[in-house]
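Trainee: Please find the sequence and the predicted model below.
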Amino acid sequence: DAGITQSPRHKVTETGTPVTLRCHQTENHRYMYWYRQDPGHGLRLIHYSYGVKDTDKGEVSDGYSVSRSKTEDFLLTLESATSSQTSVYFCAIRRAGELFFGEGSRLTVL
Amino acid sequence: DAKTTQPTSMDCAEGRAANLPCNHSTISGNEYVYWYRQIHSQGPQYIIHGLKNNETNEMASLIITEDRKSSTLILPHATLRDTAVYYCIPQPNAGGTSYGKLTFGQGTILTVHP
C-alpha cells in the first residue's frame, strides 16, 4: 500500500458542470500522475506533476487542468465536463522508479 | 520516447508458464524495462523491471535480450488470478527530460484457462 487515496471514488454529473478529482498521498513523493482509462484505449496520461506547482501535459490533456499546491495533493479539474470525459481516472505516484496506483475514480457525465 | 509492441492477447493453461513478449527496439541506454499488470477494473500493479540482466522476483522472471531490443515476462506457473492486461514500459531511472512522462501502450490481455 503506497498511501494513495482518490476521491470521490464514484461521481455522476451533468454536461457542462465543473468536476474536481483529488489524489492524496501520505509518502511525500515528488512525482504524481493522472491517467484515464477507457475501453479500447488502455491507460492514457492526462497530466503529471514533478513537484509543487510543477506540472506538465500528457497525451490527452485537452479539457483538463491540474494543480498541485502542496506535495500531498494533486487535483484534476474538468472545467466543463463533457460526455467524452466519462471514464475511470487513476492517480499514481512514483516511488523509486515504480508507479503505484490509486483505486480509481469512476466519473459519469450525463 | 521508446515505443513498444506487444501481442494484443494471449492464452495460457493454468499451471503452465506464460511467456509474454515485448518489443522495444528503440529503447534508450538509460531506460529500464518495467512491467505492470492490471487486473480487471483495478489500478495497475508493478511486477518487475530490469536494465540488461535477467531478473527474478516472487511474481515473475524477466528475460532481456542482449541487444535490449526485446524482453519476455515469464509467469512460471500461471493461475486463474494471473488473468490481466500486462504492460511493458521503458522508463528512465534517472533524471532527464523524459523522466517524468510515463505512457502506457495497449498491453497484452492474458487469459489463463482452467
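Mentor: Cool, got the structure. Numbers count the residues shown, from 1 in each chain, chains lettered A, B, ... in the order given.

Trainee: Spell out which residues of chain A are next to chain B.
Mentor: A:31, A:33, A:35, A:42-45, A:48, A:50, A:56, A:58-59, A:88, A:90, A:92, A:94, A:97-104 (C-beta under 8 Å from any C-beta of the partner chain). Just so you know, the C-beta spots here come from the backbone N, C-alpha and C atoms, and that holds for glycine as well.

Trainee: What strand or helix carries the residue nearest to residue B:15 when sequence neighbours are not counted?
Mentor: Once flanking residues are discounted, residue B:15 sits nearest to residue B:77: 5.8 Å by C-beta to C-beta, 6 or more residues apart in numbering or on different chains. If you go by DSSP states H and E, residue B:77 is not part of any helix or strand.

Trainee: What subset of the residues of chain A next to chain B is buried?
Mentor: A:31, A:33, A:35, A:42-45, A:48, A:50, A:58, A:88, A:90, A:92, A:94, A:98-102, A:104 (16 or more other C-beta atoms under 10 Å in any protein chain shown).

Trainee: Next step: those residues restricted to strands.
Mentor: A:33, A:35, A:42-45, A:48, A:50, A:88, A:90, A:92, A:94, A:98-101 (DSSP state E).

Trainee: What is the most widely separated pair among those?
Mentor: A:50 and A:88 (24.0 Å; C-beta to C-beta).

Trainee: could you list every residue that touches residue 53?
Mentor: Picking chain A for this. A:68-69 (C-beta atoms under 8 Å, 6 or more residues apart in numbering or on different chains).

Trainee: nope, chain B please
Mentor: Per C-beta under 8 Å, 6+ apart, neighbours of residue B:53: residue B:64.

Trainee: just residue A:85 next, same as before
Mentor: Contacts of residue A:85 by C-beta under 8 Å, 6+ apart are A:36, A:63, A:78, A:107, A:109.

Trainee: Can you give me the separation between it and residue A:63?
Mentor: As judged by C-beta to C-beta, to the nearest Å, residue A:85 and residue A:63 stand 6 Å apart.
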